[in-house]
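Student: Next input, structure requested:
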Amino acid sequence: MAKTRTHWVCQSCGRTTLRPMGRCPSCGEWNTMIEKRDAIASYPGRRAPLSDSGPQRLSDIESEGLERLPLPMHEFARVLGGGVVPGSLVLVGGEPGIGKSTLILQVAAMIADASGQPVLYVSGEEAARQIRMRADRLSVQSDGVYVLAETNLEAILRHGESIRPVAAIVDSIQTVFSDELTSAAGSISQVREAAARLQRWAKADGVAVFLVGHVTKEGSIAGPKVLEHIVDTVLYLEGDRFHTYRLLRSVKNRFGATSEVGVFEMQEKGMVEVPNPSEVFLAERVVNAPGSAIAVTMEGTRPLLVEIQALASPTSFGHPRRTANGVDFNRLLLISAVLSRRVGLRLYEQDLFANVIGGLQVQEPAADLAVAVAIASSVRDRPVAADMAAIGEVGLSGEVRAVGQMTARLKEAARLGFRSCLTPRSMRRPVEPVPEQIELIPVRSVAEAVRKALVEPAT
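Tutor: Got it, this is the predicted structure:
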């Protein structure tokens with residue numbers, strides 16, 4: 001005989017309490033605690049039954065039949081680690097209107113055409129005819145994609161078992177509900193149950209399942225962290241809706257490298273791959289313009305060259321402004337303080353604006369030196385050499401510190417035609433040879449980097 005246990009679950013963060021509370025003690029949201037009742041066994045000494053499959057030696061487990069599914073979209077395959085893993089559960093999140101449904105429909109058609117097996121596309125927000133209209137607009141034609149407009153979890157699983165697809169897409173997971181739960185669709189209980197049931201189906205039948213997830217106003221996937229713990233891979237589609245470029249970023253991947261990035265361009269025919277993003281981001285660069293510097297950043301295993309622009313303007317207020325777009329605001333404050341104290345720039349009477357071209361978000365400290373050089377170039381109104389890049393982290397003492405993966409960064413800079421690069425003097429000797437066509441300019445401090453980077457005014 002079973003009895004019920006009552007507890008309260010926060011629909012915002014998933015916190016569980018034993019009594020009702022008006023405000024969640026974890027996330028601080030009001031009126032988000034929902035009552036939930038679970039049936040528990042009344043026999044505390046009862047043991048769980050053993051599973052059919054017992055323990056196996058790791059060396060005895062067969063690895064055949066686990067090859068990744070081919071995916072012609074190389075940027076998407078790069079983020080996944082080389083292709084789609086059978087039986088994996090992938091979560092794709094992003095802001096509304098960023099292009100999640102467009103990208104995932106293109107991926108569904110490519111998987112169906114490349115593998116020759118059916119792909120199930122489950123839509124909880126659009127009718128089947130609406131998906132057909134979007135497919136016609138994107139010129140997506142594939143007889144292997146089966147569209148199902150359904151939100152009931154049990155019905156989705158029954159159709160999946162009958163079709164036996166090689167991959168399945170659920171757009172979106174927040175619309176799926178189970179009849180076994182009384183809570184509304186999109187609640188923490190429904191999302192957890194739907195993701196867990198889809199995970200069991202994916203692992204048992206070897207189906208690659210893609211879940212499209214909504215994001216909250218803070219930018220995290222709604223659910224909230226429950227989905228990220230259950231799935232194998234978490235992908236975020238980022239970018240400014242007013243720019244055409246989108247970045248597909250991996251923040252969790254059990255089958256590949258994390259922090260990997262794929263670059264796409266939103267066009268009329270959908271998402272188009274950008275195989276050489278560095279060339280695209282530098283295409284409209286104005287050569288010999290003061291306040292511009294080139295940083296070589298690493299997005300996962302891919303080096304990217306981005307243009308960082310800075311503008312210093314005399315302030316009209318008592319407290320000068322600091323505005324950062326694409327770079328971390330606290331890093332900008334740190335760099336401006338170092339330039340004021342260690343280099344002698346009068347930034348306390350200047351408004352500073354820093355911007356990364358293309359709508360990119362640069363988070364790694366290796367771009368510090370490029371930001372510092374760009375600010376100094378704007379203040380002194382002297383351009384940086386057109387064929388010079390900058391790599392290095394800036395410390396509070398004004399020193400330039402070494403960063404990792406220098407060989408890959410220098411090879412990418414040399415491939416794009418750069419002939420010199422500011423590097424930390426303490427840089428470790430790379431294992432692989434550095435390209436001969438690029439000259440390394442080692443610097444110990446930010447002041448030395450500014451002296452060597454800025455072009456002397458013509459006399």
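
Student: Next, count neighbours for residue 9.
Tutor: 21 (other Cβ atoms under 10 Å). For every residue, glycine as well, the C-beta is placed using N, CA and C.

Student: So for stretch 444-459, what gets flagged as buried?
Tutor: 445-450, 453-454 (16 or more other Cβ atoms under 10 Å).

Student: What is the most widely separated pair among these?
Tutor: 445 and 454 (14.7 Å; Cβ to Cβ).

Student: Would you mind confirming that residue 175 is in contact with residue 186?
Tutor: Yes. Contact criterion Cβ atoms under 8 Å: residue 175 and residue 186 qualify, at 7.1 Å.

Student: Now do the helices in the protein.
Tutor: 74-80, 100-115, 128-138, 153-163, 188-205, 225-230, 277-281, 329-338, 368-380, 406-415, 446-453 (DSSP state H).

Student: Need the residues that contact the fourth one.
Tutor: Just to be clear, that refers to helix 153-163. 118, 120, 122, 146, 148, 150, 168, 170, 176-179, 193-194, 197-198, 201, 205, 207 (Cβ atoms under 8 Å, 6 or more residues apart in numbering).

Student: average pLDDT for stretch 215-227?
Tutor: Average pLDDT, stretch 215-227: 63.

Student: Would you work out how far apart the start and end of that stretch are?
Tutor: 12 Å (Cα to Cα, to the nearest Å).

Student: likewise stretch 55-71?
Tutor: 34 Å.

Student: now swap in stretch 74-86 and tell me
Tutor: Distance across stretch 74-86, first residue to last, is 18 Å (Cα to Cα).

Student: Stretch 294-303 too?
Tutor: 13 Å.

Student: who's in contact with residue 375?
Tutor: Residue 375 neighbours (Cβ under 8 Å, 6+ apart): 291, 310, 312, 335-336, 339, 345, 347, 352, 354.

Student: how about a cut-off of 7 Å?
Tutor: The neighbours of residue 375, taking Cβ atoms under 7 Å, 6 or more residues apart in numbering as the test, are 310, 312, 335-336, 339, 352.

Student: next one: residue 81
Tutor: Applying Cβ under 7 Å, 6+ apart, we find residue 81 in contact with 253, 255-257.

Student: ok, now how distant is the residue lying closest to residue 363 once chain neighbours are set aside from residue 149?
Tutor: The shortest distance from residue 363 to any non-neighbouring residue, by Cβ to Cβ, 6 or more residues apart in numbering, is to residue 328 (6.2 Å). As judged by Cβ to Cβ, to the nearest Å, residue 328 and residue 149 stand 43 Å apart.

Student: what's the answer for residue 406, then?
Tutor: Counting by Cβ to Cβ, the gap from residue 406 to residue 149 is 52 Å.

Student: okay, those two: which has more neighbours?
Tutor: Legend: neighbour count by other Cβ under 10 Å for residue 406 and residue 149, higher for residue 406 (25 against 15).

Student: my read: that one touches residue 424, true?
Tutor: No. Applying Cβ atoms under 7 Å as the test, residue 406 and residue 424 come out as separate, 8.9 Å apart.

Student: Show me the protein divided up by domain.
Tutor: Using automatic domain parsing, the domain ranges for the chain come out as 2-41, 69-275, 280-453.

Student: how about JSON lines for those, with distance to residue 62 added?
Tutor: Shown next, in JSON lines, are the domains of the chain (distance: least, Cβ to Cβ, whole Å):
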{"stretch": "domain 2-41", "distance to residue 62": "36"}
{"stretch": "domain 69-275", "distance to residue 62": "13"}
{"stretch": "domain 280-453", "distance to residue 62": "30"}
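
Student: Could you say which one of those domains comes nearest to residue 59?
Tutor: Going by Cβ to Cβ, the one of those nearest residue 59 is domain 69-275, 20.5 Å.

Student: what about the closest one, how long is it end to end?
Tutor: 21 Å.

Student: Off-centre distance for that domain?
Tutor: 15 Å (Cα atoms, centre = their mean, to the nearest Å).

Student: My guess is residue 120 contacts residue 148. True?
Tutor: Yes. Using Cβ under 7 Å, residue 120 is in contact with residue 148, at 6.3 Å.

Student: Counting neighbours, go ahead and name the busier of these two.
Tutor: residue 120 (24 against 19).

Student: Report the contact partners of that one.
Tutor: 146, 148, 160, 163, 165, 168.

Student: quick check, nearest of these to residue 107?
Tutor: Nearest to residue 107 among these, with distances taken as Cβ to Cβ, is residue 168, at 11.8 Å.

Student: Report how many residues lie close to the closest one.
Tutor: When neighbours are counted by other Cβ under 10 Å, residue 168 comes out with 27.

Student: Which pLDDT value goes with it?
Tutor: As predicted, residue 168 sits at a pLDDT of 97.

Student: Repeat that for the one 5 residues further on.
Tutor: Model confidence at residue 173, expressed as pLDDT, equals 91.

Student: roughly how far apart are it and residue 198?
Tutor: For residue 173, the distance to residue 198 - Cβ to Cβ - is 8 Å.

Student: So which of the two has more stuff around it?
Tutor: residue 173 (29 against 25).

Student: ok, and the closest non-adjacent residue to that one?
Tutor: residue 211 (4.5 Å).

Student: in the sheet, who's paired with the one you found?
Tutor: Note on residue 211: beta-bridge partners residue 91, residue 170, judged by DSSP bridges.

Student: so where's the protein shaky on pLDDT?
Tutor: 1-4, 37-53, 63-66, 216-225, 241-242, 428-432, 458-459 (pLDDT under 70).

Student: how far away is the residue nearest to the spatial centre of it from residue 56?
Tutor: In the chain, the C-alpha nearest the mean C-alpha coordinate belongs to residue 249, at 2.5 Å (Cα atoms, centre = their mean). Distance of residue 249 to residue 56, given as Cβ to Cβ: 36 Å.
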